[in-house]
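>>> Sequence first, then the predicted structure:
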Amino acid sequence: MDKPRQAADRGSGSSDPQIIQCYSHGRVVQMPSLRGRSQDLRDRLLKHIAARAFEPGRAYTEQEVNAALMSAFDDYVALRRYLVESRHLIRDQAGREYRLPTATAAQNPAPAQNPAPAQNPAPTPA
């Protein structure tokens, strides 16, 4: 009798063959490196995980984030940090709430502080 075959997407819920390769039985088993060409794959994987685990517009506590990530990856604390560092998950300044970034925030990161306006400009020589 044949063993049942694993789903083609390995439980990833993705159609991206590179993301699928990072999964086994619905869990991430391989986190791509931050070096070289793997950097793009890592970013796509983190974006995929965030989109699957969290709802847009909803705030999550750290405990809720941890619970959602435990089912995706063994080192859920590191995964939470990776998501925040890559800005696929936004943490408030107090560290109490996490949210998915809004579409505009993801496309337009917060601008740097505006420099002070010039005081009296130097006169031009005549």
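Good, I have the coordinates.
>>> Let me know whether residue 73 touches residue 80 as I believe.
No - if you go by C-beta atoms under 8 Å, residue 73 and residue 80 don't touch, sitting 9.5 Å apart. All C-beta spots, glycine's among them, are computed from the backbone N, C-alpha and C.
>>> ok, residue 10 - how many residues close by?
18 (other C-beta atoms under 10 Å).
>>> For it, give its distance to residue 99.
As judged by C-beta to C-beta, to the nearest Å, residue 10 and residue 99 stand 28 Å apart.
>>> Residue 61 now?
Taken as C-beta to C-beta, the span from residue 61 to residue 99 is 11 Å.
>>> So for those two, which residue has more residues nearby?
Shown here are residue 61 and residue 99; by other C-beta under 10 Å, residue 99 has more neighbours (18 against 11).
>>> For the more buried one, list each beta-bridge partner.
Note on residue 99: beta-bridge partners residue 90, judged by DSSP bridges.
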